[in-house]
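Asker: test case, fold it:
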Amino acid sequence: MDAVERFLQSGVFGQATPGHFIMIAVGLAFIWLAIKKNCEPLLLVPIGFGIVVGNIPFQEGLDVGLYEEGTAFNLLYQGVSKGIYPPLIFLGLGAMTDFSPLISSPRLILLGAAAQAGIFLTYLGALALGFTPFEAASIGIIGGADGPTAIFLTSKLAPHQLGAIAIAAYSYMALVPVIQPPVIRCLTTHRERRIRMPQTKPVSKRARICFPIIAFFICACLAPGAILLLGMLFFGNLLKECGVADRLAQTARTALIDIVTILLGLTVGASTQATYFLRPESLKIFLLGAASFAVATACGVLFAKLMNLIWRKQPINPIIGAAGVSAVPHAARVCQRLGAAEDPQNYLLMPAMAPNVAGIIGSAVAAGVLLTCYA
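Answerer: Next up, the predicted model:
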């Protein structure tokens, strides 16, 4: 009977708290959203199941937990805590990203830069709420809607907040179609949303090959802290565009990024154990993340309207300013749907991809600036 009692006490019956059941419910909700509503299933399914796995109560000392030194889960989680997975994600993103829309219309890179204002405004807001500068810098990156960059910076500056910031960043990436449309409609008129954009001009192969090399040199000089992320991004793009490394590019944008996404999502989800996750700071981070994302969207839209005062002969549909966040290609698809709802013949997807890919670069540069300031 003593053995039976010890067995029962070591599991759910002896270790469970209301917080564990709350987090398990959150994980199941993520899985439901992914399957039923098709909200970013490649992200929410592994994260949601990871939350469930990480919140099954057990007695410490069994060597199965994510936070127990030397366990298999702990070793897999080091890809997150030591910032290994994010550069690999960027390699895959570079191998699947077409920079032609940005090369064709370089002025649209300004929209990607403008959207990063949400990062720095949220940084100031986090400082006002009592977070340390290191935590505030990590929280601000959520506004870029860039999960890998948020994980990378947080692992360097505020690893104790890694679970909350990672979950917030990926949650808002999945909620792009929910958060952005109301902000866009609030800041634009019906006439502005009907502005038609010229389609992307053809870009030569030489320009596509030179772009990742030149852009890396420029960005690395501006933000040395982002060398690893941007180096992997542009290296992946060079593999794609050079035409002589197709096998490597194919591996980077398929098998490699899929494997890393599975491991990252599962371990990030499992890191949300109720004991470590359910704290007042986590709620503040989620609220700041939502504000950050909304502000970043608004900054992109408003800057597009400002550009229209300068380039009156070549007006920009301000909807595409919302694509300046780096949620590729989800934000661009939202712009396309909103534009088509106003005018079925208005095709904004490719013009929106220009600020969208600029947003990837912009959020990485912003992270590099913050890392350089506080490293």
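
Asker: my guess is Gly339 contacts Asn317. True?
Answerer: Yes: contact criterion C-beta atoms under 8 Å: Gly339 and Asn317 qualify, at 6.5 Å. (Each C-beta comes from the backbone N, C-alpha and C, glycine too.)

Asker: what residues are shared contacts of these two?
Answerer: 193, 346, 348 (C-beta atoms under 8 Å, 6 or more residues apart in numbering).

Asker: tell me which of the residues you listed fall in helices.
Answerer: Under the assignment DSSP state H, these contribute Arg193 to helices.

Asker: among the shared contacts of Gly339 and Asn317, which one sits closest to Ser100?
Answerer: Proximity of those to Ser100, judged by C-beta to C-beta, is greatest for Leu348, which lies at 15.8 Å.

Asker: quick check, the closest one in contact with Gly339.
Answerer: Yes: here Leu348 reaches Gly339: they are 3.9 Å apart, a contact under C-beta under 8 Å.

Asker: any residues in contact with both of those two?
Answerer: With contacts defined as C-beta under 8 Å, 6+ apart, the residues adjacent to both Leu348 and Gly339 are 317, 319.

Asker: circling back to that earlier point, lowest-confidence one in the shared contacts of Gly339 and Asn317?
Answerer: Within the shared contacts of Gly339 and Asn317, Asn346 has the lowest pLDDT, namely 90.

Asker: list phi and psi for that residue.
Answerer: Dihedral angles phi and psi of Asn346 (degrees, to the nearest 10) take the values phi -100, psi 120.

Asker: now for the biggest helix by length in the chain, which elements pack on it?
Answerer: In terms of residue count, the longest helix belonging to the chain (DSSP H) is helix 280-310. Applying 3 or more C-beta pairs under 8 Å, 6 or more residues apart in numbering; DSSP states H and E, we find helix 280-310 packed against helix 109-115, helix 117-128, helix 133-140, helix 162-174, helix 176-187.

Asker: tabulate those helices in CSV, adding columns for mean neighbour count.
Answerer: Formatted as CSV, the helices and strands packed on helix 280-310 follow (neighbours: other C-beta atoms under 10 Å):
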stretch, mean neighbour count
helix 109-115, 25
helix 117-128, 20
helix 133-140, 26
helix 162-174, 26
helix 176-187, 18
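
Asker: adding mean pLDDT and distance to Gly289, write those helices out as CSV.
Answerer: CSV is the format used below for those (pLDDT from 0 to 100; distance: least, C-beta to C-beta, whole Å):
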stretch, mean pLDDT, distance to Gly289
helix 109-115, 92, 15
helix 117-128, 90, 8
helix 133-140, 93, 7
helix 162-174, 87, 4
helix 176-187, 92, 10
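
Asker: just give me the closest of the shared contacts of Gly339 and Asn317 to Trp311.
Answerer: Distances from Trp311 to the shared contacts of Gly339 and Asn317, taken by C-beta to C-beta, are shortest for Leu348, at 17.0 Å.

Asker: OK, contacts around that closest one?
Answerer: 197, 317, 319-320, 332, 335-336, 338-340.

Asker: and with 6 Å instead?
Answerer: Applying C-beta atoms under 6 Å, 6 or more residues apart in numbering to Leu348 gives the contacts 320, 335-336, 339.

Asker: nearest residue to the middle of this structure?
Answerer: In the chain, the centroid-proximal residue (C-alpha atoms, centre = their mean) is Asp146; its distance is 1.9 Å.
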